[in-house]
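> Here is a sequence with its predicted model. Questions after.
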Amino acid sequence: MSNYVEMWKNLNMDLETHDALCQVLPTAFGDVYLSQENRPEGMGFWDFVVSEIHGIRPSELIEAQKNGQKVFGTFCVYVPDEVVIAANGIVTGLCGGSQFWVPGGEKVLPKGTCPLIKASVGARLDRTCPFFRIADMYVGETTCDGKKKAWEILGQDVPMHIMDLPQMKRDKDILKWADEIKEFAAVVEKVTGNEITVEALNEAIHTINEKRRALARVYEARKAAKLPISGKDALLMMQIAFFDDPKRCAQMCNNLADELEKRIADGVSVFKEGTKRILVSGTPMAIPNWKLHHIIETSGGAVVCEEMCTGTRYFEHEVAEDLPTLEAQYMALAQRYMKNNCACFTPNSGRIDDILRLCKEYNVDGVIDVNLKFCSTYDIEGYTVEKALKEAGIPVLGIETDYTDADAEQLRTRVEAFIEMLG
Amino acid sequence: MRHFIGIDIGSTCTKTVVLDEEKNLVKTWLLPTGWSSIDTAEAVKKELDAANFNIEKCPVVATGYGRIAVPYADKTITEITCHAKGAMYLQNSDNLLVIDIGGQDTKIICVENGLVKDFVMNDKCSAGTGRFLEVMANSMAMRPNDLCALAEFGGGVHISSMCTVFAESEVVSLVGRGEKKENIAFAVVDSIVKKVASQVSRIETEKMCTCLTGGLCDCDYMKKALGNELHCEISSQPNARFAGAIGAALMAMNIKGKGEER
């Protein structure tokens, strides 16, 4: 990584501990990513971003702050980026995906909290992630009990706005979410000092739709019989999409999609024939959590799709463009975001429909339903997911895991056996 | 005559078998795995050499958690697939529910029409495995199989916890308060049986022949207690502890080229 020490010092980071993190990441990335063969050239952009993960984007954000822009840190795909962008603000994802931050979170949270929450809280309180230092405001939401209570702890250290996400999908719940978005817009206007106009919001909606279309194009290429890209590479693109500038993200994803479409036309595949096509469903995989994808793709499988927040939930469905009033725009945003199917909703049959549909679209041989330890909503929903898949004749393997590598070999045995079972 | 070798390196025991072209079980070996799977693989090689089975000529498949430590294996296959194959061979049936209580994990495998249809394994926790039994037997200064046999004469005591470490301290408390040995033995076996039954309940299956493989296959009381809990007869075969290795040797028959007459 280039020299960002001054910047990290100014962010009041714990440099000594942060150094330890910076030292392990390149090795992990080399083992998991650079060992792959025949990767698309377009992945060079994301390889570069990872090599400078705590430097290049943070320095852009700090430059933007110097020019008066505000940075909002978010943790969930229900929080509408459009509103922030319309007020000339910047959104960055903040979800922690490394075991490195978990012990820091466990200083204040019970051990039986999901690793994503523990890592996120640890990254903030231990001052070992620049993104967590840079954000002017954190935007939380009420998707699960663990997060709700974690916000109270983070809120003692950093300004927070919490959006109250309904957990049913009746008409009145969508109205309520539109109202929450409107309230969030008022907070964003206050923090940024910029008014959100119909025109600005339209433009922001268009920008994010373009980003969604670009991500969807890459996913579309993964439907091909000969896979032009590995699941690991697609996951990396997805993970970094949460941190990058949305216009650059769209451009890079479109470039990658161009290359992948050409590969499909030329019959280029990164897997040998007969590799089993796996859909991974369940809880999100925040960067640098590549554990399960790596195990699958080194055990005779290829991940062709992620039914996850770091996957289809992030880009499926667009927001209606060119609406004449803010009220109509907030409603359109609410309608789109409420189409996301998170296990925090009840009932959540839409998610089952999504999984069955994706299995067909991506011509899947089997599904691995994964949940992060202590995420009770996804864990409990796993029963319904597995039941529906078995009824549809699609083999499924349920897995519970966390960010540690301690269970890697047990997982490998299960995944290998599952792939052997697919024949 | 060609021969096919299956090696199952488990956490406690290493099982090796040789099958001939007619799938007859020609030879079996049982070795403690010890602390190094690599050394164990070397010891297996010596045994095979001494019995005149040449690993250069015979196809070899390795399975079990130490499967990657066998440098001379032509192929590695997981213990799930191998146990299923081995159990089908031993039971002479294509439709089975296989319960394998191994050293560090317990597997439930549903086999339909000769294919693995579904399986579950215990998580990291060793409750309900051979290791659980071993730890409990140690704390009672007994051998695992003797503990199993003694359990038949006990009753009335239960270990509430499913965690090996906590369960051990419960056993220590029971010993401390002077509980009869057979009652504690009963509680230990009962705990394993309940844990295994809860895993079986995760697999949706029609009533089918249920068999026990792994190191506890000749423990009659374990079969009886499991059968009572699952409301079915638990079948087992004398060589069921070799099920994984037999499955591996059967899979070795699919390896083309090696050792064939030219």
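Nice, I can see it. Numbers count the residues shown, from 1 in each chain, chains lettered A, B, ... in the order given.

> Show me which residues of the stretch 251-400 of chain A sit near chain B.
A:390, A:395, A:400 (C-beta under 8 Å from any C-beta of the partner chain). Every residue, glycine included, has its C-beta placed from N, CA and C.

> Go again with 6 Å.
By C-beta under 6 Å from any C-beta of the partner chain, no residue of the stretch 251-400 of chain A approaches chain B.

> Okay, strands next: where are they in the stretch 251-400 of chain A?
Using DSSP state E, counting those that start in this stretch, the strands found in the stretch 251-400 of chain A span residues A:276-282, A:301-307, A:366-372, A:396-401.

> May I see the ones you listed arranged in JSON lines, with mean neighbour count as well?
Shown next, in JSON lines, are the strands of the stretch 251-400 of chain A (neighbours: other C-beta atoms under 10 Å in any protein chain shown):
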{"stretch": "strand A:276-282", "mean neighbour count": "26"}
{"stretch": "strand A:301-307", "mean neighbour count": "25"}
{"stretch": "strand A:366-372", "mean neighbour count": "23"}
{"stretch": "strand A:396-401", "mean neighbour count": "21"}
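
> now the ones you listed in TSV, with mean pLDDT and distance to residue A:107?
Converted to TSV, the strands of the stretch 251-400 of chain A look like this (pLDDT from 0 to 100; distance: least, C-beta to C-beta, whole Å):
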stretch	mean pLDDT	distance to residue A:107
strand A:276-282	98	27
strand A:301-307	98	31
strand A:366-372	97	20
strand A:396-401	96	23
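
> Of all those, which one is nearest residue B:251?
strand A:276-282 (18.0 Å; C-beta to C-beta).

> Residue 114: neighbour count?
With no chain named, the answer covers chain A. Each residue near residue A:114 was counted by other C-beta atoms under 10 Å in any protein chain shown, and the total is 24.

> oops, chain B please
When neighbours are counted by other C-beta under 10 Å, residue B:114 comes out with 12.

> Kindly report the same for residue A:110.
Number of residues near residue A:110 (other C-beta under 10 Å) recorded here: 11.

> In the stretch 101-250 of chain B, which residue sits nearest chain A?
With C-beta to the nearest C-beta, the shortest gap between the stretch 101-250 of chain B and chain A falls at residue B:116, namely 4.5 Å.

> Quickly list what the most centrally placed residue in chain B is bridged to.
Chain B has residue B:214 as the residue nearest its centroid, 2.2 Å off, counting by C-alpha atoms, centre = their mean. Applying DSSP bridges to residue B:214 gives these bridge partners: residue B:101.

> quick revisit: out of the strands of the stretch 251-400 of chain A, which is closest to residue B:209?
strand A:396-401 (24.3 Å).

> Am I right that the residue of the stretch 101-250 of chain B closest to chain A is in a strand?
Yes: under DSSP: H, G, I helix; E, B strand; the rest coil, residue B:116 sits within a strand.

> Confirm for me that it is in contact with residue A:421.
Yes: the criterion here is C-beta atoms under 6 Å, and residue B:116 meets it with residue A:421 at 4.5 Å.

> Could you pick out the residues of chain B near chain A for me?
Residues of chain B lying close to chain A by C-beta under 6 Å from any C-beta are B:78, B:80-81, B:116, B:124.

> so which of the strands of the stretch 251-400 of chain A gets nearest residue A:10?
Closest among the strands of the stretch 251-400 of chain A, using C-beta to C-beta: strand A:366-372, at 33.4 Å.

> Can you get me the centre-to-centre distance for that closest one and its chain?
16 Å (C-alpha atoms, centre = their mean, to the nearest Å).

> helices or strands next to it in the packing?
Packing contacts for strand A:366-372, counted by 3 or more C-beta pairs under 6 Å, 6 or more residues apart in numbering or on different chains; DSSP states H and E, involve strand A:276-282, helix A:376-391, strand A:396-401.

> Any chance of TSV for the ones you listed, columns distance to residue B:162?
Converted to TSV, the helices and strands packed on strand A:366-372 look like this (distance: least, C-beta to C-beta, whole Å):
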stretch	distance to residue B:162
strand A:276-282	24
helix A:376-391	17
strand A:396-401	16
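
> buried set for stretch A:215-232?
Neighbour-count burial for stretch A:215-232, counted by 16 or more other C-beta atoms under 10 Å in any protein chain shown, picks out A:215-222, A:224, A:227-232.

> Residue B:103 is in contact with the residue nearest to the centre of chain B, correct?
No: if you go by C-beta under 6 Å, residue B:214 and residue B:103 don't touch, sitting 8.2 Å apart.

> In chain A, what residue lies closest to chain B?
For chain A, C-beta to the nearest C-beta, closest residue to chain B: residue A:417, 3.5 Å.

> quick one: which helix or strand includes that residue?
helix A:408-421 (DSSP states H and E).

> Pull out the buried positions in that helix.
A:410-421.

> Quick one, which of those residues has the minimum pLDDT?
Across the buried residues of helix A:408-421, the bottom pLDDT score, 90, is held by residue A:410.

> mind checking how far it is from residue B:20?
35 Å (C-beta to C-beta, to the nearest Å).

> check contacts around whichever residue of chain B sits closest to chain A.
Chain A sits closest to residue B:80 of chain B, with a gap of 3.5 Å, by C-beta to the nearest C-beta. With contacts defined as C-beta atoms under 6 Å, 6 or more residues apart in numbering or on different chains, the neighbours of residue B:80 are A:417, B:109, B:119.

> Got the confidence number for it?
Reading off the model, residue B:80 has pLDDT 96.

> One more: the one 4 residues further on?
According to the model's per-residue confidence, residue B:84 sits at a pLDDT of 97.

> in the chain, which ranges drop under the pLDDT threshold?
Because you didn't say which chain, this covers chain A. A:1-2 (pLDDT under 70).

> Wait, chain B was what I had in mind.
For chain B (pLDDT under 70), the answer is B:124, B:161, B:259-262.

> for it, what spans make up the strands?
For chain B, applying DSSP state E gives strands covering B:3-9, B:13-20, B:25-32, B:60-63, B:75-76, B:96-101, B:106-112, B:115-121, B:210-214, B:234-235.

> Make JSON lines from those and add distance to residue A:378 to it.
Shown next, in JSON lines, are these (distance: least, C-beta to C-beta, whole Å):
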{"stretch": "strand B:3-9", "distance to residue A:378": "35"}
{"stretch": "strand B:13-20", "distance to residue A:378": "37"}
{"stretch": "strand B:25-32", "distance to residue A:378": "41"}
{"stretch": "strand B:60-63", "distance to residue A:378": "32"}
{"stretch": "strand B:75-76", "distance to residue A:378": "32"}
{"stretch": "strand B:96-101", "distance to residue A:378": "28"}
{"stretch": "strand B:106-112", "distance to residue A:378": "23"}
{"stretch": "strand B:115-121", "distance to residue A:378": "18"}
{"stretch": "strand B:210-214", "distance to residue A:378": "32"}
{"stretch": "strand B:234-235", "distance to residue A:378": "35"}
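
> Thank you, goodbye.
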